[in-house]
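[1] Sequence plus the predicted model coming up.
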Amino acid sequence: MAATIYTENDASLAPLQGKTCAVIGFGSQGHAHALNLKESGVNVIIGLYPESKSRKVAEERGFKVLDTAEAVKAADVIMVAVPDTVIPKVYNADIAPNLVEGKTLLFSHGFAIHFKTIVPPTEVDIIMVAPKGPGHLVRRQYTEGKGVPTLIAIYQDKSGKAKDVALAWAKGIGGTRGGVFETTFKEETETDLFGEQVVLCGGTTALVKAGFETLVEAGYQPEMAYFECLHELKLIVDLMFESGIAGMRFSISETAEYGDVSVGPKIIDDHVKANMKAALVRIQTGEFAKEWTDEYNAGQPNFNRLREESKNHPIEEVGGRLRSLMSWVKKRELGGSQASYE
Ligand SMILES: NC(=O)C1=CN([C@@H]2O[C@H](COP(=O)(O)OP(=O)(O)OC[C@H]3O[C@@H](n4cnc5c(N)ncnc54)[C@H](OP(=O)(O)O)[C@@H]3O)[C@@H](O)[C@H]2O)C=CC1
Ligand SMILES: CC[C@](O)(C(C)=O)C(=O)O
């Protein structure tokens, strides 16, 4: 069954007018939602912990910044924009004690609610507004008059107005420009985790690195391997983004197209698809959520090791050198507050 879609004229900002909206956390998603909503005319305040490095950035962007508990008390709609693993601590300490009937809790990913790492009371509305893209792009696209397609979901509708509020928020961040699609917390959580592990982040980076390593180990120059396996990937994906796989194939050579259709399925074969299915089952059963929560609570030793190994992969060194030749490629200072980059 196809999803219900809402566009610009199907949503109004009215349900947020006269309301105070608190965004808790001012990182990748939080800063984008807060700035876009503010520029759409919505009254937004920010909630952060006292030592947060995001505080100064949020204040510089003209926001009133309060300690999290104070922001929750002052707000009608509260967006929880802290990392999924941190949500239980922030929720128990600062949000739950100040949640009263009439307030709305808003998430941009369903992990905490779906896997029940927190269980809010039945008196409040619980909604989701989840742009299908990284927060920095949610911000960038809004400033360019565009919008990232966005999912909404309603988990609890005590007020009877939860969907109007979700649609208003989605419109305020620019989502209705790209289309707003109705889903459930379960569907968003499971498909989002699948996408990021199997295709978008995990699958793609593993594919890129395996291709790069294969060429370099066979004696080719790392620059050739970088162009073939990473640089040109963006250009090919841009074409698929604009006009689908068929549109991309229209632009490539016939030799490339024959190699694509005849060799591609032998690389991503039934064995790979079986691995994909296994990853999906681990997500659906909650096994991945438990592993990630345990890893976080143990101080993330495996995560830190894997992160470090990946940072030191030779593709990063050659990529850094080659990107420095392309002045038009946006350079990102990594580290520091997520909100300081746009
Ligand atoms: N990144 C993305 O594009 C996407 C994220 N999401 C979801 O959005 C939510 C937020 O993720 P993301 O934007 O990546 O998070 P980030 O890591 O980018 O930012 C987290 C923010 O929360 C702040 N923070 C940390 N601890 C606390 C606390 N105890 N009290 C108040 N604020 C705190 C951080 O402060 P400090 O700067 O001091 O660390 C930072 O401002 C998650 O649910 C995630 O799944 C959904 C779709 C895409
Ligand atoms: C692809 C990563 C993502 O799922 C996203 C930007 O949508 C995330 O959670 O960051």
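    That came through, no problem. Residues are numbered from 1 along each chain as shown. Ligands and ions are numbered 1, 2, ... in the order given.

[2] Against Y155, how distant is the residue nearest to E182 when sequence neighbours are not counted?
    In this structure, E182 finds its nearest non-sequential neighbour in T4, 4.5 Å apart by C-beta to C-beta, 6 or more residues apart in numbering. All C-beta atoms are positioned from the backbone trio N, CA, C, and that covers glycine. Distance, T4 to Y155, using C-beta to C-beta, to the nearest Å: 17 Å.

[3] Residue numbers of the stretch 51-200 of the chain in contact with ligand 1?
    Proximity of the stretch 51-200 of the chain to ligand 1 (C-beta under 6 Å from any ligand atom) is limited to residues 52-54, 68, 81-84, 86, 90, 108-109, 130, 134-135.

[4] which of these are buried?
    52, 54, 68, 81-82, 84, 90, 108-109, 130, 135 (16 or more other C-beta atoms under 10 Å).

[5] ok, stretch 322-339 near ligand 2 or not?
    No - using C-beta under 6 Å from any ligand atom, stretch 322-339 never reaches ligand 2; the gap is at least 10.9 Å.

[6] Over to stretch 289-307?
    No - applying C-beta under 6 Å from any ligand atom, one finds stretch 289-307 out of contact with ligand 2, separated by at least 12.2 Å.

[7] Which positions in that stretch come out as buried?
    For stretch 289-307, a neighbour-count test (16+ other C-beta under 10 Å) marks 289, 292-293 as buried.

[8] go on, stretch 194-206?
    Here stretch 194-206 shows 194, 197-198, 203 as buried, counting by 16+ other C-beta under 10 Å.

[9] hmm, back to that, the buried residues of stretch 289-307 in strands, which ones?
    Assignment to strands by DSSP state E places none of the buried residues of stretch 289-307 there.

[10] got CSV for these, with pLDDT too?
    Converted to CSV, the buried residues of stretch 289-307 look like this (pLDDT from 0 to 100):
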residue, pLDDT
A289, 98
W292, 98
T293, 98
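
[11] Sitting in helices, which of the residues of the stretch 51-200 of the chain next to ligand 1 do you find?
    In this view, those that belong to helices under DSSP state H are 54, 68, 90, 135.
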